[in-house]
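my questions concern the predicted model and sequence given below.
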Amino acid sequence: MLGNTYITIGLPVSLFIIMIGMGLSLTVEDFRRIKEQPKGVIVGTVLQLVGVPLLGFAIGGLYGGGVMAAGLVLSAVMPGGTTSNVLTYMAKANLALSITLTVLASLLTVLTIPFYMSYALPMFVGANTELQLPFLQTLITMMVIVIIPVCIGMFVRAKKPELSQKFEPAINKFAVFVLVAIIVLIGVSESENMPTWFAQAWMPVVTLNLAAIALGLLGGKLSGLNARDSLTVSIEMCVKNSTLGLTIALSLLGNAEIAVPVVVYGLLMYATVALLCWYGRKLK
């Protein structure tokens, strides 16, 4: 499977298109909100880039390490995606804060993902493991498939807003199709291993997901954010860009097993974030 053209070429190209879609939803005003809501932005960004990854390391170690633990860390270090913005809107939380946190995390994780994974792989898989994620190569790849397409999308939005409104919904649908296609491809090609891998992955993933949600809610409350801003931060902690995680696992690392926690997390998060949406709509 790992030599499949879709994985080696099609998946990065697909992610490039998806990230253009994220750029189409952004304007310069989204960055100016950092000055308007500094506390929420700082709290959310620190929890996203430091708190949740540390949870990934702790929970991965708690459940015995191995490739699955490295995959759990990979899930934890992913930024949110535009899905978190839609879900924040549905929860009647702070949409402006959500967009700002999504943008910052998507840009900054270009640096933090290779940094964290450079520790996770030798820690959980072994110093002599064949699984390597070279920092510089990963950084350049992330720049190409994350930063550049987001900038392209923002440029199109600024110059041709009517064009961005036309194509953004189609790209969002394309993103769902890509994620489903990858999950099906992994399931079919690794059908013999999937039951065992799933059995190993689901409990650590559930633990990480619930811990991330609790971290967002509790961290927001302790830092003095109001209930809706705390909920917004929690949704950002819960929702992860699974397509990016799968691109790293399958295209850069070339390993299906490490992708399993990412797949499981990508499915589970919709169930738990639905509860957060229900909670948000009950807030007065």
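Yep, it's here. Bear in mind that the values here come from a model prediction, so they are computed numbers and not experimental data.

output the below-cut-off pLDDT ranges for this protein.
Counting by pLDDT under 70, the chain contains low-confidence ranges at 1-10, 30-31, 33-34, 127-131, 176, 179, 183, 186-191, 193-194, 284.

go again using 50 as the cut-off
Low-confidence regions of the chain, defined here as pLDDT under 50, cover residues 1-3.

where do the helices sit along the stretch 101-250 of the chain?
135-142, 148-159, 161-189, 194-222, 227-238, 242-246 (DSSP state H, counting those that start in this stretch).

now the helix or strand following the shortest one, how far from the centre of its chain.
I take that to be helix 242-246. On the C-terminal side of helix 242-246, the nearest following helix or strand under DSSP states H and E is helix 260-282. Using CA atoms, centre = their mean, to the nearest Å, the distance from the centre of helix 260-282 to the centre of the chain it belongs to is 13 Å.

over to stretch 220-232?
For stretch 220-232, the separation from the chain centroid amounts to 21 Å (computed by CA atoms, centre = their mean).

now stretch 53-68
Computed by CA atoms, centre = their mean, the chain-centroid distance of stretch 53-68 equals 17 Å.

may I have stretch 88-104 as CSV, with CA atoms only?
The C-alpha trace of stretch 88-104 is given here as CSV (Å, rounded to 0.1, in the frame of the first residue of the first chain):
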residue,chain,number,x,y,z
THR,A,88,-17.6,26.1,16.9
TYR,A,89,-20.4,27.9,15.0
MET,A,90,-22.8,25.0,15.7
ALA,A,91,-21.9,25.1,19.4
LYS,A,92,-22.6,28.9,19.5
ALA,A,93,-19.1,29.5,20.8
ASN,A,94,-16.6,32.2,19.8
LEU,A,95,-16.2,31.7,16.0
ALA,A,96,-13.7,34.6,15.6
LEU,A,97,-11.4,33.0,18.3
SER,A,98,-11.7,29.6,16.7
ILE,A,99,-10.6,30.9,13.3
THR,A,100,-7.7,32.7,14.8
LEU,A,101,-6.6,29.6,16.8
THR,A,102,-6.9,27.4,13.7
VAL,A,103,-4.8,29.7,11.6
LEU,A,104,-2.0,30.1,14.2
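
show me which positions of that stretch end up buried.
Buried residues in stretch 88-104, counted by 16 or more other CB atoms under 10 Å: 88, 90-91, 93-94, 96-104. In this view, the C-beta of every residue, glycine as well, is placed from N, C-alpha and C.

which residues are in contact with residue 64?
Shown here is residue 64, which makes no contacts under the criterion CB atoms under 8 Å, 6 or more residues apart in numbering.

can you tell me how far it is from residue 230?
Counting by CB to CB, to the nearest Å, the gap from residue 64 to residue 230 is 33 Å.

same deal with residue 43?
Spatial separation of residue 43 from residue 230 under the definition CB to CB is 9 Å.

give me the common contacts of those two.
Taking CB under 8 Å, 6+ apart as the contact rule, the neighbours common to residue 43 and residue 230 are 219, 220.

grab the two from the buried residues of stretch 88-104 that are most spread out in space.
The largest separation in the buried residues of stretch 88-104, counting by CB to CB, is between 90 and 104 at 21.7 Å.

out of the helices of the stretch 101-250 of the chain, nearest to residue 126?
Using CB to CB as the measure, helix 194-222 is the one of the helices of the stretch 101-250 of the chain that comes nearest residue 126, at 17.2 Å.

how far away from the center of its chain is that closest one?
The chain centre lies 13 Å from the centre of helix 194-222; the measure is CA atoms, centre = their mean.
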